[in-house]
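Undergrad: Compute the structure for the input listed below.
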Amino acid sequence: MVKLTNDQNIKNLKKRKILRRFIILFGILTIVLAILSLTVKLGFGYSLVAFIIMTILTRQREKIPINLNKDIETKRIEKAIEKQQKKQKRK
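TA: Residues are numbered from 1 along each chain as shown. A predicted model of the protein is given here:
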């Protein structure tokens, strides 16, 4: 794992957040263009291009290193376990 300073980690988290928004945007665009290519006489190349851009952005996002605090990870796991236990009690 790469040793990052706090400022670098925050900068990387902001980059990942921006990339996540673009990935969501291109994902929705891909779905819309695919539906339009099925209903209207629109070429499927547009949806393919949007999908390729989304894939490239996803890979770029995964390459950005971040340091997660183990306390945060354990809190997420504990919350997930609590939710599962509440669902089982309701049944």
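
Undergrad: following the longest helix seen in the chain, which helix or strand comes up?
TA: Longest helix in the chain, counting residues (DSSP state H): helix 6-39. For helix 6-39, the succeeding helix or strand toward the C-terminus, using DSSP states H and E, is helix 45-63.

Undergrad: From residue 87, how far off is residue 79?
TA: Here the distance between residue 79 and residue 87 works out to 13 Å (CB to CB, to the nearest Å). Any C-beta I mention is one placed from the backbone N, CA and C, and that applies to glycine too.

Undergrad: now residue 41
TA: Distance of residue 41 to residue 87, given as CB to CB: 47 Å.

Undergrad: swap in residue 38?
TA: Between residue 38 and residue 87 the distance is 37 Å, computed by CB to CB.

Undergrad: for the helix or strand of the chain with the lowest mean pLDDT, packing partners?
TA: In the chain, no helix or strand scores lower on mean pLDDT, DSSP states H and E than helix 70-90, which sits at a mean of 78. Using 3 or more CB pairs under 8 Å, 6 or more residues apart in numbering; DSSP states H and E as the contact test, no helix or strand touches helix 70-90.
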